[in-house]
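Undergrad: sharing a model that was predicted from the sequence below.
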Amino acid sequence: MSRFLHRVAGTALTMFGVLLLTFLLVHLVPGDPVEVMLGESATGADRNALRADLGLDQPLPVQFTDYLAKLSHGNFGSSIHSHAPIAGLLAERLPATARLALLSLSLALLVGIPLGIAAALWQNRWPDRLATFSSLTLSAMPHFWLGPLLMLVFALWLGWLPVSGMESPAAILLPALTLACGLTAILTRMTRASLLDVLNEDFVRTARAKGLPERTVILRHAMRAALLPVVTVVGLQLGSLLAGAVITETVFGWEGVGRLLVESIEKRDYPLTQACVLVIALIYMLVNLCTDLLYSRIDPRIRFTA
Amino acid sequence: MRLPHVILLFWVLAALAAPLLGMSPDEIQLEKILAYPDVHAWLGYDDLGRDILARLLAGAGVSLTVAVAVTAVTIAFGTMMGLLGGYFGGWPDRLLIHVTDVFLAFPGILLAIAFAAVLGPGLDNLILALCLTSWVGYARLTRAQALSLRGRQHVLAAQSLGASTSRILLRHVLPLLAAPLLVEMTFSVASLVIAEASLSFLGLGIQAPHASWGSMLRDGVRYLLVAPHYVLAAGLSLMSLVLAVNVIGDRLRDQLST
């Protein structure tokens, strides 16, 4: 229980830091942020109105407490460009990003873990070499290169899938595949390393000595222990999926939070930029917290020593 | 000299020699827009009829300049912070942990995107944004190492001989950090090359007419259907450099850890 409280308190402290940093972002704008946002043609009255609206005429500590007070009511302010409440814009775009992230996570788990098992069982033979080579190559392929490549192959040359957009249900496949590839590479490497470690443990030898079939030894005994570190990686990598979604959604014109962030940057809509960055960071932190707590529940060694 | 070293050396030489080769990466030839390769431009022409090969070489310069500049700044700052935290412990260490935790709470390149977005486009702001976010890795690595090194016998011996703190840090702790820092640096260069391209891809980096692999990829994606050679040239260049640096890093890690 104390471990639980300690972890939650640590996350709360980090969250405060994250809020402070995202709050300060607008103040990093060189010169007058209001002028940058409205452009040079804006009148003095417009500028003063926006400055008062954003609270930029107040002292910094007052601004920060206002920011926190509004956020605690789910009020992210409103977009400078469309004047719509930001909370609504985020709620509109989040489901699309969530669908994309969950599909790519499932794809990566379905391919990466079996591939990692194969690589560990046939260590230094062709399945292992293939898995190592492909995960090394994939890790050198950023989303804005892998995405276009998949577009060329599947949309242009084979003509199986739509190039981009969100109209047809199949449109999610290419961006999801783009995001999944890098994650698959990491999961394969992790599963391989972790299973190789476990295969040398005493309990695996005991299981074999009992005369259990190799299948049961691997799947029931070794894999259960080997998957523990993989759980942590999945939690951490969900964050990289969210960050990767910024680029991937831009490549494929997928209307999610990542695309919203890029649009807000292009329009110099700083409150919206701030909100997108904050929401992605908060989701990432919550997922990590949950993974950590889950980890301690499924690993008996941690559960009983706590 | 293995293949990865050859590729890395090729791009470094290309970046250094590109201005001397007399190529014209910014010359616009409207009649050659998105044309396939010919004898004058071995990799074809881009959406403004500019020589793709010349722009790739110019882009290599940008990529490596950013990687080297950011690495130089962040390795110095990050190592210093990590040494102070790990060696002294106490509140400087706790502060360092909390501050780095906050930076690490932003997944991947997100914080660099946010910094670049508010700082505005341009090469210097791009370097600044990446510096603000990339020192964290070095700081955490150095801190963990310094924490375990400060109890080592040779450090305790130096302390009891009355060596000054700066002498202990510089002569007895830092040299033992060289190997892990070198490995970290190699991987960091690879990720900086990707980060620069990512930011330029989003329009946050180098501005037109200057060439950058990221902005070439963005234009390449736009004309993917009519001129696939454009995106392929930029993507393959980026991938070859990143892959080469990563493989060198892997080998370095294996050699230094044995």
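TA: The structure has been received and is ready for your questions.
Undergrad: is there a neighbour count for residue 198? I'd like the number.
TA: Let's take chain A. By the criterion of other Cβ atoms under 10 Å in any protein chain shown, residue A:198 has 21 neighbours. In this view, the C-beta of every residue, glycine as well, is placed from N, C-alpha and C.
Undergrad: think we crossed wires, I meant chain B
TA: Residue B:198, neighbours per other Cβ under 10 Å, totals 26.
Undergrad: equivalent analysis for residue B:36, please.
TA: Residue B:36 has 13 nearby residues by other Cβ under 10 Å.
Undergrad: for my notes, confirm it occurs in a helix.
TA: No. Residue B:36: not assigned to a helix; according to DSSP: H, G, I helix; E, B strand; the rest coil it is coil.
Undergrad: check it and give its pLDDT.
TA: On pLDDT, residue B:36 comes in at 74.
Undergrad: can you count the residues close to residue A:297?
TA: Neighbours of residue A:297 (other Cβ under 10 Å): 10.
Undergrad: so it is in which element?
TA: For residue A:297, the host element (DSSP states H and E) is helix A:270-298.
Undergrad: list the residues that contact the most centrally placed residue in chain B.
TA: Central residue of chain B (Cα atoms, centre = their mean): residue B:192, 2.5 Å from the mean position. For residue B:192, the contact set (Cβ atoms under 8 Å, 6 or more residues apart in numbering or on different chains) comprises B:66, B:67, B:70, B:71, B:130, B:134.
Undergrad: same question, residue B:59
TA: For residue B:59, the contacting residues are B:211, B:212, B:213, B:216, B:234, B:237, by Cβ under 8 Å, 6+ apart.
Undergrad: OK, contacts around the third one?
TA: Same thing as residue B:213. Contacts of residue B:213 (Cβ under 8 Å, 6+ apart): B:56, B:59, B:60, B:62, B:63, B:196, B:197, B:200, B:234, B:237, B:238.
Undergrad: touching, the third one and residue B:16? I think so.
TA: No. The pair residue B:60 and residue B:16 fails to qualify as a contact (Cβ atoms under 8 Å) at a distance of 9.3 Å.
Undergrad: okay, these two: which has more neighbours?
TA: Neighbours per residue, other Cβ under 10 Å: of residue B:60 and residue B:16, the larger number sits with residue B:60, 26 against 13.
Undergrad: what strand or helix carries that one?
TA: Per DSSP H and E: residue B:60 is located in helix B:52-88.
Undergrad: show me what counts as buried in that helix.
TA: If you call a residue buried by 16 or more other Cβ atoms under 10 Å in any protein chain shown, then helix B:52-88 has these buried ones: B:52-64, B:66-67, B:69-71, B:73-75, B:78-79, B:81-87.
Undergrad: could you identify the helix or strand that succeeds it?
TA: Later in the chain than helix B:52-88, the nearest helix or strand by DSSP H and E is helix B:90-104.
Undergrad: quick check: angle from that next one to helix B:52-88?
TA: Relative orientation of helix B:90-104 versus helix B:52-88 (axes from the mean of the first three to the mean of the last three Cα atoms, to 10 degrees): 150 degrees.
Undergrad: is any part of helix B:90-104 close to chain A?
TA: Yes. Interface with chain A: helix B:90-104 contributes B:98, B:99, B:101, B:102 (Cβ under 8 Å from any Cβ of the partner chain).
Undergrad: who in the stretch 1-150 of chain A is up against chain B?
TA: So far as Cβ under 8 Å from any Cβ goes, the stretch 1-150 of chain A lies against chain B at A:10, A:13-15, A:17-18, A:20-22, A:25-26, A:28-30, A:36, A:136-137, A:139-142, A:144-145, A:147-149.
Undergrad: quick one: the helices in chain A?
TA: Secondary structure of chain A (DSSP state H): helices located at A:2-25, A:33-38, A:44-53, A:60-72, A:86-121, A:126-139, A:143-150, A:173-199, A:202-209, A:214-216, A:223-252, A:257-266, A:270-298, A:300-305.
Undergrad: could I get these as CSV with distance to residue B:163 and mean pLDDT?
TA: Shown next, in CSV, are these (distance: least, Cβ to Cβ, whole Å; pLDDT from 0 to 100):
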stretch, distance to residue B:163, mean pLDDT
helix A:2-25, 36, 87
helix A:33-38, 50, 77
helix A:44-53, 56, 79
helix A:60-72, 44, 85
helix A:86-121, 48, 90
helix A:126-139, 43, 83
helix A:143-150, 50, 88
helix A:173-199, 40, 88
helix A:202-209, 46, 86
helix A:214-216, 58, 83
helix A:223-252, 40, 84
helix A:257-266, 51, 90
helix A:270-298, 41, 86
helix A:300-305, 40, 59
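Undergrad: pick the most deeply packed of these.
TA: Of all those, helix A:143-150 has the most neighbours on average by mean count of other Cβ atoms under 10 Å in any protein chain shown, namely a mean of 25.
Undergrad: can you tell me which helices and strands that helix packs against?
TA: On a contact count with 3 or more Cβ pairs under 8 Å, 6 or more residues apart in numbering or on different chains; DSSP states H and E, helix A:143-150 meets helix A:173-199, helix A:223-252, helix B:174-201, helix B:213-222, helix B:228-257.
Undergrad: what do you get if the cut-off is 6 Å, keeping everything else the same?
TA: helix A:173-199, helix A:223-252 (3 or more Cβ pairs under 6 Å, 6 or more residues apart in numbering or on different chains; DSSP states H and E).
Undergrad: those: which one's closest to residue B:230?
TA: Comparing these against residue B:230 with Cβ to Cβ, the closest turns out to be helix A:223-252 (14.8 Å).
Undergrad: can you list the residues of the stretch 201-306 of chain A near chain B?
TA: A:239, A:240, A:242, A:243, A:262, A:265, A:273, A:277, A:280, A:281, A:284, A:285 (Cβ under 6 Å from any Cβ of the partner chain).
Undergrad: and the fourth one, how far is that from residue B:110?
TA: It refers to residue A:243. 5 Å (Cβ to Cβ, to the nearest Å).
Undergrad: show me which residues of the stretch 151-258 of chain B are close to chain A?
TA: Counting by Cβ under 6 Å from any Cβ, the stretch 151-258 of chain B comes close to chain A at B:194, B:201-202, B:217, B:221, B:224, B:228, B:231, B:235, B:239, B:242-243, B:246.
Undergrad: looking at those residues, which is nearest residue B:152?
TA: Closest to residue B:152, out of all of these and judged by Cβ to Cβ, is residue B:246, at 31.3 Å.
Undergrad: so how far is stretch A:136-144 from its chain's centroid?
TA: 16 Å (Cα atoms, centre = their mean, to the nearest Å).
Undergrad: now do the same end-to-end measure for it.
TA: Start and end residues of stretch A:136-144 are separated by 17 Å (Cα to Cα, to the nearest Å).
Undergrad: give me the contact list for it.
TA: A:178, A:181-182, A:185, A:244, A:247-248, A:251, B:194, B:201, B:217, B:239, B:242-243, B:246 (Cβ atoms under 6 Å, 6 or more residues apart in numbering or on different chains).
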